[in-house]
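Q: Got a predicted structure plus its sequence, pasted below:
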Amino acid sequence: MTRGFIEALAVAQSDAVVDPGAVTPVITPSSIDALSSVLRLAAEHSTKLVLASSGHTHSQPSEQRVPPNACVLSLAKLTMVHSIDTDSRIVHVESGATMADLETIAAEHAWTFGAAADPADPNRGTLGPVTVLDWISSPSFRAGKDNDPVSQHIAGADVVLASGEQLTIRPAPRRAVGPALLPAFIGAHGRLGIVTAVHLVARQEAHSTHLRFDFPTRDAALAALAWIRGRGARPTNASVNGTELLLSFPKDGPRAEAVERVIRDVVGARGGRPVSTDVKPQAFEPAKPWPLSRAVAKLAQQLDPAGVLQP
């Protein structure tokens, strides 16, 4: 089945590169239209496709589990930056671009996407081959973000379904677009469809102050974070690890002192105590696939009944 699929790609003169030297065939479309063609042909030939992860986009993904008679799908050539909206700080970028390159572009506008612990850190931009798609799918991206109910870090996305149909989730204010399709497509790690581009929201670059506090219980740390936000202090990053609360907020600006005062007042009232802070640039932690929820699994069956896309 795999051989028939590869031959069909050649006959169709698909704008995709096939690596013949890999143990498992690696398909690298050079455009989104080419990706659509690849998916359509894979469905016709009952060929399963596994999305390559960072570091394995050009060769056999040795750390990935690839089913028999499957091909690896690489987005390494989908690296275009489609647009940069300076008013909203939204960058429309294809999923194969690297975060290192994207942070370099952001720095030209005094922005950051949070790929380093502090924009001023000399180690920023050393994420190597980590792609946009792998970054937004990883715990590294979610840390300190998902627990803020009003923050928005991905405003929209472009997706290609298993049928080859192209879907656009247009940028819109958070919770103004009905069902949360974005988290479903990203969290399914390719099972629902291939996320080919995203609208990433940058934040204004600023030197940061980092504070770490220890609490008697994890619940006390979570409550303190909720009260801090409730009093109008919104950290740029916040995470609770066990009983510890780590906060980052801009070091400069008219509200910096007031924000820190609110944080220390709330922490003291909740029984927290300051501990030493040693913040290093955020290391990339690859995503670890987890079982799909019942609702997402049902949606995957509807969108891809042949099971062409494998997580």
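A: The structure has been received and is ready for your questions.

Q: Determine the three-state secondary structure at residue 42.
A: For residue 42, the reduced secondary structure class is helix; criterion used: DSSP: H, G, I helix; E, B strand; the rest coil.

Q: tell me, how many neighbours does it end up with?
A: Residue 42 has 26 neighbours, counted by other Cβ atoms under 10 Å. Where you see a C-beta, it was placed from the backbone N, CA and C, and this is true even at glycine.

Q: can you check the one 5 residues further on too?
A: By other Cβ under 10 Å, 24 other residues sit near residue 47.

Q: excluding its backbone neighbours, what's nearest it?
A: Distance criterion Cβ to Cβ, 6 or more residues apart in numbering; nearest residue to residue 47, sequence neighbours excluded, is residue 5 at 4.1 Å.

Q: residue closest to the middle of the chain?
A: When the chain is reduced to its mean C-alpha position, the nearest residue by Cα atoms, centre = their mean turns out to be residue 136, at 0.5 Å.

Q: Tell me which residues touch that one, please.
A: Under the criterion of Cβ atoms under 8 Å, 6 or more residues apart in numbering, the neighbours of residue 136 are 153, 154, 186, 198, 200.

Q: Residue 96 now?
A: For residue 96, the contact set (Cβ under 8 Å, 6+ apart) comprises 57, 74, 75, 76, 77, 78, 79, 131, 132, 133.

Q: and if you look at residue 310?
A: Residue 310 makes contact with 48, 49, 50, 67, 70, 190, 191 under the criterion Cβ under 8 Å, 6+ apart.

Q: same question for the helix or strand harbouring residue 39, mean pLDDT?
A: Under the criterion DSSP states H and E, the helix or strand holding residue 39 is helix 32-44. Per-region confidence: helix 32-44 scores 89 on mean pLDDT.

Q: where does the stretch 201-311 of the chain have low pLDDT?
A: Applying pLDDT under 70 to the stretch 201-311 of the chain flags residues 205-206, 253, 277-291.

Q: residue boundaries of the helices in it?
A: Using DSSP state H, counting those that start in this stretch, the helices of the stretch 201-311 of the chain run over residues 218-230, 256-269, 294-303.

Q: got a list of contacts for the first one?
A: Meaning helix 218-230. Helix 218-230 is touched from outside by 147-148, 213, 215, 235, 238, 240, 242-245, 247, 262-263, 266-267, 269-272, with contacts defined as Cβ under 8 Å, 6+ apart.

Q: Equivalent analysis for the longest one, please.
A: Counting by Cβ under 8 Å, 6+ apart, the neighbours of helix 256-269 from elsewhere in the structure are 209, 211, 213, 224, 227-228, 231-233, 235, 245, 247, 249-250, 273-274.

Q: can you map out the helices along the stretch 51-200 of the chain?
A: Shown for the stretch 51-200 of the chain, the helices assigned by DSSP H, counting those that start in this stretch span residues 99-107, 132-137, 139-142, 181-187.

Q: Turn the ones you listed into a markdown table, including mean pLDDT and distance to residue 37.
A: Below are the helices of the stretch 51-200 of the chain laid out as a markdown table (pLDDT from 0 to 100; distance: least, Cβ to Cβ, whole Å):
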| stretch | mean pLDDT | distance to residue 37 |
| --- | --- | --- |
| helix 99-107 | 85 | 27 |
| helix 132-137 | 82 | 20 |
| helix 139-142 | 62 | 30 |
| helix 181-187 | 82 | 20 |
